[in-house]
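Asks: need a 3D model of the sequence below.
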Amino acid sequence: MQFWPRSRARHPIARVRYWPAESKVKPLGFIAYKAGMTHLMVIDNHPKSLTKGESIMLPSTILECPPLAVMGVAFYKQTINGWLKVASIMAPKVDKELARAFPLAKKQVKSFSDISDYDDVRLLVHTNPKLTSIGTKKPKVLEIAIGGQKADKVKYAQDMLGKEITIDQVFDAGNQLNIHGITKGKGMQGTVKRFGVPVRQHKAEKTKRGIGTLGSWHPNRVEYTVAQSGKMGYHLRTEYNKQIIKIGKDAQDLAVKGGIIHYGILENAYALIKGSVMGPKKAPVLLTHATRSNLHFVKDAPEVTYISLEN
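Replies: Numbering: from 1, shown residues only. This is a model prediction of the structure:
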């Protein structure tokens, strides 16, 4: 019952239901691609750590961060039924690869001067997978919220329409963030792997890796709490309060000989995240600012002295 319902994600890009408030005028999220993991040697900077000032090892996830293209602007209005999209404006020129995701409009239908009644503005962005070595050209499309006041949001959206957003415009090294992603798909699995039920003794009737009973006799239906076989994995998950250890612009810093296994060669800016990140390699993950900030969090990123480039 920890995660219920155990349904598969609808889309490879995670859905975000809440964007944290931000005073600065900038995008509040960024889409990156998971490349793999490595380990770092850093100088421990936690004030109460037993190893303060010493060199320690940290597991780290490598995220490749090609720039996001701003293809449109969406206008929303607050109603009694929630946020309602009232209008959207597309950039005059968009990437031709975007036609792989959805049909493109042949002409512009609205301008910023035509829209007056709205309460919020969001950026419509898409990724540029053709700049990476993951082997696909179809971009991922997402609406991303903007920080700041309403008037500043509109001016920023108007200036950025048709331009690109880089990872260093959204985050800095040491920032605390949330990571939204889709976990690895495991396919059809039984009750032992899916729910951790104990394996029965060898003298058990009919099956050893079953649960023995589907529950009470009445009502004559199976309760949803009963562990049963089914598809496992490919779930939407959010990890809170992860830390960016380093943001680099030169992909040669992580030039692994022969490329990263099951990913390839890094060709864009990158981010090193402390710890692991959900999902398989080449999967897109969404980075947002932290919504449950830890009060004891050390805001400064530790000094990196060594990055392992061994596969």
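
Asks: could you tell me whether Asp168 really is in a helix?
Replies: Yes. Assessed by DSSP: H, G, I helix; E, B strand; the rest coil, Asp168 belongs to a helix.

Asks: the strands in the stretch 51-200 of the chain, which residues?
Replies: Assignment of strands within the stretch 51-200 of the chain using DSSP state E, counting those that start in this stretch yields the ranges 55-64, 68-79, 82-90, 120-126, 141-145, 164-165, 176-182, 185-189.

Asks: parallel or antiparallel, which strands does the shortest one pair with?
Replies: Read it as strand 164-165. strand 68-79 (antiparallel) (DSSP bridges).

Asks: tilt between the partner strand and strand 120-126?
Replies: 150 degrees (axes from the mean of the first three to the mean of the last three Cα atoms, to 10 degrees).

Asks: what residues of strand 68-79 count as buried?
Replies: For strand 68-79, burial by neighbour count (16 or more other Cβ atoms under 10 Å) applies to 68-76. Just so you know, the C-beta spots here come from the backbone N, C-alpha and C atoms, and that holds for glycine as well.

Asks: what's the closest of those to Ile31?
Replies: Leu68 (6.3 Å; Cβ to Cβ).

Asks: tell me the contacts of the closest one?
Replies: 27, 30-31, 125-128, 144, 164-165 (Cβ atoms under 8 Å, 6 or more residues apart in numbering).

Asks: what about Ser55, how many residues nearby?
Replies: Neighbourhood size, Ser55 [other Cβ atoms under 10 Å]: 13.

Asks: excluding sequence neighbours, find me the nearest residue to it.
Replies: Nearest residue to Ser55, sequence neighbours excluded (Cβ to Cβ, 6 or more residues apart in numbering): Met41, at 5.4 Å.

Asks: for the host helix or strand of the one you found, list the C-alpha coordinates in PDB.
Replies: Here Met41, judged by DSSP states H and E, is contained in strand 29-43. Provided in PDB are the C-alpha atoms of strand 29-43 (Å, rounded to 0.1, in the frame of the first residue of the first chain):
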ATOM      1  CA  GLY A  29      12.400  23.300 -14.500                       C
ATOM      2  CA  PHE A  30      14.700  21.600 -16.900                       C
ATOM      3  CA  ILE A  31      14.700  18.300 -18.800                       C
ATOM      4  CA  ALA A  32      17.900  16.300 -18.900                       C
ATOM      5  CA  TYR A  33      18.900  12.800 -20.100                       C
ATOM      6  CA  LYS A  34      20.300  10.100 -17.700                       C
ATOM      7  CA  ALA A  35      23.700   9.000 -18.900                       C
ATOM      8  CA  GLY A  36      24.800   6.700 -16.100                       C
ATOM      9  CA  MET A  37      26.600   6.700 -12.800                       C
ATOM     10  CA  THR A  38      30.200   7.300 -11.600                       C
ATOM     11  CA  HIS A  39      31.900   8.100  -8.300                       C
ATOM     12  CA  LEU A  40      33.500  11.300  -7.100                       C
ATOM     13  CA  MET A  41      36.100  12.300  -4.600                       C
ATOM     14  CA  VAL A  42      35.000  15.500  -2.800                       C
ATOM     15  CA  ILE A  43      36.000  17.500   0.200                       C
END
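
Asks: which strands or helices does that strand pack on?
Replies: Contacts defined by 3 or more Cβ pairs under 8 Å, 6 or more residues apart in numbering; DSSP states H and E place strand 29-43 against strand 55-64, strand 141-145, strand 270-274, strand 284-289, strand 303-307.

Asks: and with 7 Å instead?
Replies: strand 55-64, strand 284-289, strand 303-307 (3 or more Cβ pairs under 7 Å, 6 or more residues apart in numbering; DSSP states H and E).

Asks: my guess is Ile31 meets Ala283, correct?
Replies: No. Using Cβ atoms under 7 Å as the test, Ile31 is too far from Ala283 to be in contact (10.8 Å).

Asks: overlap in contacts, these two.
Replies: Residues touching both Ile31 and Ala283 (Cβ atoms under 7 Å, 6 or more residues apart in numbering): there are none.

Asks: adding pLDDT and distance to Ala151, write the buried residues of strand 68-79 out as CSV.
Replies: Shown next, in CSV, are the buried residues of strand 68-79 (pLDDT from 0 to 100; distance: Cβ to Cβ, whole Å):
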residue, pLDDT, distance to Ala151
Leu68, 96, 23
Ala69, 95, 25
Val70, 95, 19
Met71, 93, 23
Gly72, 93, 20
Val73, 94, 14
Ala74, 94, 17
Phe75, 94, 14
Tyr76, 94, 15
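
Asks: and which of these is nearest Gly181?
Replies: Of all the buried residues of strand 68-79, Gly181 sits closest to Leu68, with 16.4 Å by Cβ to Cβ.

Asks: show me what contacts the residue lying closest to Pro67 once chain neighbours are set aside?
Replies: Spatial nearest neighbour of Pro67, excluding adjacent residues (Cβ to Cβ, 6+ apart): Glu164 at 4.0 Å. Applying Cβ under 7 Å, 6+ apart to Glu164 gives the contacts 67-69.
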